[in-house]
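S.K.: sequence below, structure please.
(chains A and B)
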Amino acid sequence: MYLFNADLKNQLTKLRSRKKYLVLLIIELIICAVWGLVNLALGKAVLNIGLDAKLVLGSMPMSLLGFFIQVYIPLIIFMAACDLFAGELADKTVRAGFMRPVSRFKQYLSRVAAVMILACVYLLVLFVISAAYNIIYGHTASGLLSAFVAYLLDAVPLLILILFAVLINQIAGGTSLSILLCILLYLGFYVIGVLVPQSSGMFFTGYAQWHNLWIGTWLPLRAILPKLGILIGYGAVFGSLGYYLYERRAL
Amino acid sequence: METVLDIQNLHKVYKNGRGVRKISLSVAPGDVVGLLGPNGSGKTTIMKCIMGLCHGDSGSIRIFGHDVETDVERSLAKVGGLIEQPALFDYLSARANLEMAARYYPNVDAARIEHVLRMVHLENYQKEKTGRFSLGMKQRMGLALALLSEPELVILDEPTNGLDIEGTVEVREIIRRLAAERGISFLIASHLAPELEKCCNKVAIIHEGELLAFETMEEALRLQPSLEDYFLSKVKEKRGSVLI
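M.R.: The predicted structure follows:
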C-alpha cells in the first residue's frame, strides 16, 4: 500500500503541476456562474408571472450535471489520461516509475486513480457551486441530498470512461492520436446511442447519467442488474486489456 | 558472499535481429563492472532487462536473489539506475523530480535530497525547471536520481554522456569513492575503453549481442597493454574463429 500511495501522490503531483487543469477548473466555475445568472434571470422573469423561483433554481445542480458529465469532464479525462499514459510513453518519462521498486500493476492502478480523483474534484466543485447558488439565490436546500447522490452515482460510469481512455492511450501510442481517437470514439458511440436509442444501452457512453436508474422512479432490480453487468463488463475488458498492454510495454 | 546481480543465459532479440544472446555474468558486492562494446552491441538491452524496462525472451536476472521478472519490488528495492537519457519531468523543478523519486523509499528524506544535489553540484539550481537544464545538467540529475535511495547496486548506461572533462572526472571519482567506502556495486556500460579502464575492477566485452569475455581488469591489462587492445584482441579472436 505504501508504494501505491507513493505512486498515486506522484501522479497527482504531475497533474497538479500542469496549469491547464487549473485553467479548466476556472472555466468550469465561469460556466457555473453564467449558468446560475441565466437561471436567476429566468427565475425573476417567471416570478413576474407568478411562479416560484425555487422551481427554476432548485434544479440547477441536476441541469448542470448533464452537460458536465457528458461533455466537459470526459474531455478532462481524455486529457489527463493522455498526459499520464500516452504522453509519458512518448517522451519516455514513464521510466521514472518503471525503474523504481513498484510493480506495474500498482503504477497502472495509481494512474487510473489519479485521473479518477481529478474527475471527482471537477464534479465536487460543480456540486458545491451549483448547491451554493441554490441556497443563496433560490433560498432552498431541498433536493440537494438527492442531487449529491446523483453526482456520486454518476462518478461510476466515469471510471469506465477512464479505463476506456487508458486503453486507447496504450493502443494509439502518440499523444495527438490518442486524444483524437478518444474523442472520436466517444462521440461515435454517443451519436449512435442517440440515433438508435435501442442500442444506447449497449454502449458504455449510454450510462453517463445512470443516476436516473437509481433515483427518482425506482426500477425493479431485474431491470438494473443487466445494465450493471454491462458496465462491469466494459470495465473488466478495458481494465484488463489496458493493464496487459501497460505490463508488457518495453521501453 | 551473496551475489548482487546474477544474469543467467539472458536472451533478448528484437524484430530487427539485434539484441543479446545467452549472456551470463554476475556482480559481487563492491564490484565495479564495465560493460564494454560498440554502439548497438546490446549493452543497453542488458541494462534495460536488469531494470525491468523490457522483458527478456529467456534466461533469468536475479538481484540480491530476487527475480526481476516476478518480483520487481524486492529486486529493485536496492537498485538505482540511469539508462540512456534520465527520465526527467521538464515541467517540474530539479528538487520536485527528486522528491517524487524519494517517495518510493521510506528512508530518503529532505537531507538526503540536499546531499545528492550537492554531490552532483546542482544545489543552486534545485528550484529551476529541468526543462531548462543543459545536457550535462540533465545527466547530473540522472546520476542524482540513480544515487538518491543509497542503492547497493547502481546501473549506469554511458554515465558521462554530455559531461565536460571536469564532470567526467567527478563522476569517475564518485563511483570509485562509493565502491571503496560503501561497497556499492556498479555496472557501467560504455563504448569508451579508457573511461572504463580508469574506474572498473572487472570488464565484460560485448560484441554483436554476444559476451566475448568477462575478466578482472587486472587480468585484462596483464594480457594486453590497454583495455582498448584487450577489446580489439577479443573481437579479432571472435572474427578469427568465425573465419576458421
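S.K.: so the one residue in the stretch 151-251 of chain A that gets nearest to chain B: helix, strand or coil?
M.R.: Closest approach between the stretch 151-251 of chain A and chain B, counting by C-beta to the nearest C-beta: residue A:250, at 3.8 Å. C-betas here are computed from N, CA, C, even on glycine. Recorded secondary structure, residue A:250: coil (DSSP: H, G, I helix; E, B strand; the rest coil).
S.K.: equivalent analysis for residue A:111, please.
M.R.: helix.
S.K.: on that earlier part again, the residue of the stretch 151-251 of chain A closest to chain B reaches residue B:51, doesn't it?
M.R.: No: counting by C-beta atoms under 8 Å, residue A:250 stays clear of residue B:51, with 11.5 Å between them.
S.K.: show the low-confidence segments of chain B, by residue range.
M.R.: B:1, B:241-244 (pLDDT under 70).
S.K.: can you give me the helices in it?
M.R.: When secondary structure is read from DSSP state H, chain B shows helices at B:43-50, B:72-75, B:94-102, B:110-119, B:135-147, B:165-182, B:193-199, B:217-223, B:227-243.
S.K.: returning to what we had before: of residue A:250 and residue B:51, which one has the most company?
M.R.: residue B:51 (26 against 12; other C-beta atoms under 10 Å in any protein chain shown).
S.K.: relative to residue B:139, how far out is that one?
M.R.: 17 Å (C-beta to C-beta, to the nearest Å).
S.K.: with residue A:132 instead?
M.R.: Distance, residue A:132 to residue B:139, using C-beta to C-beta: 51 Å.
S.K.: who's more crowded, those two?
M.R.: Legend: neighbour count by other C-beta under 10 Å for residue A:132 and residue B:139, higher for residue B:139 (23 against 14).
S.K.: what residues are up against that one?
M.R.: Listed by C-beta atoms under 8 Å, 6 or more residues apart in numbering or on different chains, the contact partners of residue B:139 are B:82, B:86, B:159, B:160, B:161, B:162, B:163, B:167.
S.K.: name the nearest residue to residue B:168, sequence neighbours excluded.
M.R.: Nearest non-adjacent residue to residue B:168, counting by C-beta to C-beta, 6 or more residues apart in numbering or on different chains: residue B:160, 4.3 Å away.
S.K.: OK, contacts around that neighbour?
M.R.: Residue B:160 makes contacts with B:139, B:167, B:168, B:171, B:172, B:190, B:192, B:195, as judged by C-beta under 8 Å, 6+ apart.
S.K.: next, count neighbours for the last one.
M.R.: I take that to be residue B:195. By other C-beta under 10 Å, the residues close to residue B:195 number 20.
S.K.: ok, now the fifth one?
M.R.: Neighbourhood size, residue B:172 [other C-beta under 10 Å]: 17.
S.K.: pretty sure it is touching residue B:198, no?
M.R.: Yes: between residue B:172 and residue B:198 there is a contact under C-beta under 8 Å: 5.9 Å.
S.K.: tell me who's in contact with residue 72.
M.R.: All of this is about chain A. A:28, A:31, A:122.
S.K.: my bad, the chain I had in mind was chain B
M.R.: Contacts of residue B:72 (C-beta under 8 Å, 6+ apart): A:101, A:102, A:103, A:104, B:52.
S.K.: of all those residues, which comes closest to residue A:10?
M.R.: Distances from residue A:10 to those, taken as C-beta to C-beta, are shortest for residue A:102 (9.6 Å).
S.K.: give me the nearest residue to the closest one, chain neighbours excluded.
M.R.: Nearest residue to residue A:102, sequence neighbours excluded (C-beta to C-beta, 6+ apart): residue A:3, at 4.3 Å.
S.K.: do residue B:58 as well
M.R.: residue B:11 (4.5 Å).
S.K.: for the one you found, give its distance to residue B:88.
M.R.: If you go by C-beta to C-beta, the gap between residue B:11 and residue B:88 works out to 32 Å.
S.K.: residues near residue A:208, how many?
M.R.: Residue A:208 has 22 nearby residues by other C-beta under 10 Å.
S.K.: tell me the confidence at residue A:212?
M.R.: Per-residue pLDDT puts residue A:212 at 70.
S.K.: chain A contacts on chain B?
M.R.: Counting by C-beta under 8 Å from any C-beta of the partner chain, the positions of chain B adjacent to chain A are B:48, B:51-55, B:72-77, B:79, B:81, B:83-85, B:87-89, B:91-92, B:96-97, B:100-101, B:103-104, B:106, B:145.
S.K.: so residue A:175 sits against residue A:87, correct?
M.R.: Yes: here residue A:175 reaches residue A:87: they are 5.0 Å apart, a contact under C-beta under 8 Å.
S.K.: before we move on, the earlier item: of residue B:11 and residue B:88, who's got more company?
M.R.: For residue B:11 versus residue B:88, neighbours defined as other C-beta under 10 Å are more numerous around residue B:88 (22 against 15).
S.K.: so what's residue A:2 up against?
M.R.: Taking C-beta under 8 Å, 6+ apart, one finds residue B:106 in contact with residue A:2.
S.K.: returning to that earlier point: reformat the contacts of residue A:72 as CSV; add pLDDT and secondary structure.
M.R.: Output for the contacts of residue A:72, formatted as CSV (pLDDT from 0 to 100; DSSP: H, G, I helix; E, B strand; the rest coil):
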residue, pLDDT, secondary structure
A:28, 93, helix
A:31, 91, helix
A:122, 95, helix
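S.K.: now for the nearest residue to residue A:104 once chain neighbours are set aside, how many residues are close by?
M.R.: Leaving out its chain neighbours, the residue that sits closest to residue A:104 by C-beta to C-beta, 6+ apart is residue A:247, at 4.9 Å. Residue A:247 has 13 neighbours, counted by other C-beta under 10 Å.
S.K.: residue A:247: what secondary structure?
M.R.: The three-state label given to residue A:247 by three-state DSSP is helix.
S.K.: close to chain B: what parts of the stretch 151-251 of chain A are there?
M.R.: Close to chain B, as judged by C-beta under 8 Å from any C-beta, the stretch 151-251 of chain A has residues A:248, A:250, A:251.
S.K.: swap the cut-off to 10 Å and go again
M.R.: Counting by C-beta under 10 Å from any C-beta of the partner chain, the residues of the stretch 151-251 of chain A close to chain B are A:247, A:248, A:249, A:250, A:251.
S.K.: neighbours of the residue nearest to the third one when sequence neighbours are not counted, just the number please.
M.R.: So the one you mean is residue A:249. Nearest non-adjacent residue to residue A:249, counting by C-beta to C-beta, 6+ apart: residue A:89, 6.9 Å away. Neighbour count for residue A:89, taken as other C-beta under 10 Å: 21.
S.K.: many thanks, we can stop here.
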